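**Q** Turn this into a structure:
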Amino acid sequence: MEIKAKAEIIWHYEDEKSAEAIARAVDVDNLNLPKNLKVKTYWEDCKVITKVKYSGEIESLIVALDDLVFSIKIAEDSLKL
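**A** From the prediction side, this is the model:
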């Protein structure tokens, strides 16, 4: 079953410098994605915002979102947040 979905995920940090570092680290993962998946990650003040637009099987979307959360966690760990 094919779905169409849009999502916005927002992470909050104590300072803009941390948000910028996290956003820059994970945005690299957004390159070379399949045509049916669009992901944009950026920072705004002390927030990291990721917008996702997808069409396809729901299982693939779940995997992509799980990868995103894991990438955020790795970036946070590298900054020791």
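**Q** Please report phi then psi for the nearest residue to residue 20 once chain neighbours are set aside.
**A** The spatially closest residue to residue 20, leaving aside those adjacent along the chain, is residue 43, at 4.8 Å (CB to CB, 6 or more residues apart in numbering). Backbone N, C-alpha and C define where each C-beta goes, glycine included. Main-chain torsions, residue 43, degrees, to the nearest 10: phi -110, psi 150.
**Q** and the longest helix along the chain, what's its mean pLDDT?
**A** Using DSSP state H, we find that the single longest helix of the chain is helix 58-79. Taken as a whole, helix 58-79 has an average pLDDT of 93.
**Q** What is the distance between that helix and the centre of its chain?
**A** Remark: helix 58-79 is offset 7 Å from the chain centroid, using CA atoms, centre = their mean, to the nearest Å.
**Q** quick one on the thing from earlier: is it true that the residue nearest to residue 20 touches residue 25?
**A** No - look at residue 43 against residue 25 with CB atoms under 8 Å: they stay out of range, at 10.7 Å.
**Q** thinking again about what came up before, list the buried residues for the longest helix of the chain?
**A** Within helix 58-79, the residues that count as buried by 16 or more other CB atoms under 10 Å are 61, 64, 65, 68, 71, 72, 75, 76.
**Q** Need the phi and psi values for residue 36.
**A** phi -90, psi 0.
**Q** For it, give its distance to residue 60.
**A** 8 Å (CB to CB, to the nearest Å).
**Q** Are there residues contacting both of these two? Which ones?
**A** Here residue 36 and residue 60 have residue 54 as joint contacts, going by CB atoms under 8 Å, 6 or more residues apart in numbering.
**Q** still on that earlier bit, which member of the buried residues of helix 58-79 is positioned nearest residue 14?
**A** residue 76 (11.6 Å; CB to CB).
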